[in-house]
Structures are given as structure tokens and as C-alpha cells.
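Colleague: below are the sequence and a predicted model for it; my questions follow.
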Amino acid sequence: MSRAGKTGQLRIIGGLWRGRKLSFPAVVDLRPSADRVRETLFNWLQAEIPGARCLDLFAGSGALGLEALSRGAAEVMLVEQNAEAAAQIRQHLQTLCCEAGKVAQADAFAFLKGPATPFDVVFLDPPYRLDCLAQCCRLLEQGGWLKPRAYIYLEDMRQRPPPTLPDNWELLRSKKAGEVGYRLARHN
């Protein structure tokens with residue numbers, strides 16, 4: 001559901017498209033990760049992103065997936081259920097002449113129940129109202145979506161406790177900024 005005619009704007013923080021501003025539709029629950037949160041996240045992952053296969057599971061504006069592509073990810077699958085948001089991400093990829101990014105317009109849970117192709121890095125930033133990080137972690141683990149030593153980024157409301165992670169995952173970092181709590185885990 002969009003709010004007639006309104007759009008938001010995000011900025012690529014680093015890499016090939018550094019400073020590039022991209023618009024996104026004003027869709028309910030769509031809120032790109034804040035610049036300072038993305039900057040911290042990609043500082044954590046700076047050695048891991050070049051050449052990586054990444055999954056941006058609740059892509060929304062595409063901010064995390066596009067940032068990964070800008071910083072040298074070999075491939076990014078952006079999964080977004082909202083047709084308007086998915087179309088805008090496709091348009092950005094075309095504008096940026098980027099063939100390494102693919103968009104799947106799909107429900108994230110249905111996508112995870114499909115055939116798995118393991119990823120090096122997974123971004124989990126679902127709409128906060130869903131409170132589904134623990135469920136997503138289980139589906140990623142059980143479905144074979146993670147390469148050995150894959151990194152998983154988890155973003156949620158600051159006041160919500162961390163999700164229960166699968167036993168073979170290690171929480172590496174945890175930080176808060178404003179209303180956001182964000183974490184980085186690794187699949188061991």
C-alpha cells in the first residue's frame with residue numbers, strides 16, 4: 001500500500017556508486033536502514049563483501065543489497081513482496097547498469113521454502129511489526145541457504161530482545177542506534 005505520489009530517498013554510502021541518491025516508493029513498512037547503521041554494517045563486512053553472494057531477504061528500498069553491489073558483491077538476490085518496491089529496485093539496477101543484482105518479487109517465507117542456493121552474506125531487515133527474525137534464522141539454517149561461515153545481519157526494534165539463533169550460529173557484534181538494534185552473526 002503506497003501513500004499517493006510520495007517517495008523517499010536513500011544514498012549509497014560507499015563503493016562504486018558512493019554518494020548516489022536513489023528514490024524509493026512510500027510503501028507501508030518500507031524504511032531503509034539508516035546511513036550510519038549501513039556504514040557500521042559494511043565496515044564490519046568490508047573484507048567479506050567483495051566477490052560474495054548476498055541475499056537481501058526483505059529488500060524494501062534495496063538499500064542493503066545495492067550497497068553490497070556498490071562495494072563489489074559478485075551477486076545479490078533482492079527479495080521483495082511489494083510489486084511497486086520490487087519494480088523500483090529493478091529500475092535502479094537498470095539505471096546503474098548492474099547485471100549482478102536480481103530481484104525476486106516474492107514473499108520472503110515462501111522464497112525460503114523454495115530450492116536453496118547457499119549465500120555468503122544474508123541481510124535480514126524485515127518490517128518490525130512481523131517480529132520474525134527467529135523464524136527466518138530457522139528457515140535459513142534448515143533450508144541450506146548458508147555457506148559455511150556465512151554472515152547474517154539482523155535488524156530489529158531496539159527494545160525487542162535478540163532473536164534465538166540456531167545453535168551453530170555465533171553472535172559476533174551487536175549495536176544500537178536510535179530506535180534500531182542490529183547484530184551480525186556467523187554460521188559455524
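Modeller: Arrived safely. Keep in mind that what you see is a predicted model, and the values were worked out from it rather than measured.

Colleague: residue ranges with poor pLDDT in this protein?
Modeller: Scanning the chain with the threshold set as pLDDT under 70 gives 1-6, 28-31.

Colleague: can you map out the helices along it?
Modeller: 35-44, 63-70, 83-95, 108-112, 133-143 (DSSP state H).

Colleague: so what secondary structure elements neighbour the last one?
Modeller: What it means is helix 133-143. Applying 3 or more CB pairs under 8 Å, 6 or more residues apart in numbering; DSSP states H and E, we find helix 133-143 packed against helix 108-112, strand 119-124, strand 146-157. Just so you know, the C-beta spots here come from the backbone N, C-alpha and C atoms, and that holds for glycine as well.

Colleague: how distant is it from the center of its chain?
Modeller: 15 Å (CA atoms, centre = their mean, to the nearest Å).

Colleague: over to stretch 11-22?
Modeller: The chain centre lies 16 Å from the centre of stretch 11-22; the measure is CA atoms, centre = their mean.

Colleague: for that stretch, which residues meet the burial criterion?
Modeller: Of the residues in stretch 11-22, 12, 13, 14, 15, 17, 20, 22 count as buried by neighbour count, 16 or more other CB atoms under 10 Å.

Colleague: end to end, how far does that stretch reach?
Modeller: Counting by CA to CA, to the nearest Å, you get 6 Å between the two ends of stretch 11-22.

Colleague: ok, residues contacting that stretch?
Modeller: If you take CB atoms under 8 Å, 6 or more residues apart in numbering as the criterion, stretch 11-22 is touched by 9-10, 35, 38-39, 42, 61-62, 66-67, 69-72, 92, 96.

Colleague: and stretch 167-187, how far from the chain's centre?
Modeller: How far stretch 167-187 lies from its chain's middle: 14 Å, per CA atoms, centre = their mean.

Colleague: report the buried residues of it.
Modeller: Within stretch 167-187, the residues that count as buried by 16+ other CB under 10 Å are 169, 180, 181, 182, 183, 184, 185, 186, 187.

Colleague: ok, back up a step: could you identify which of the helices and strands packed on helix 133-143 is most buried?
Modeller: strand 119-124 (a mean of 24; mean count of other CB atoms under 10 Å).

Colleague: does residue 187 have beta-bridge partners, and which?
Modeller: Counting by DSSP bridges, residue 187 forms beta bridges with residue 169.
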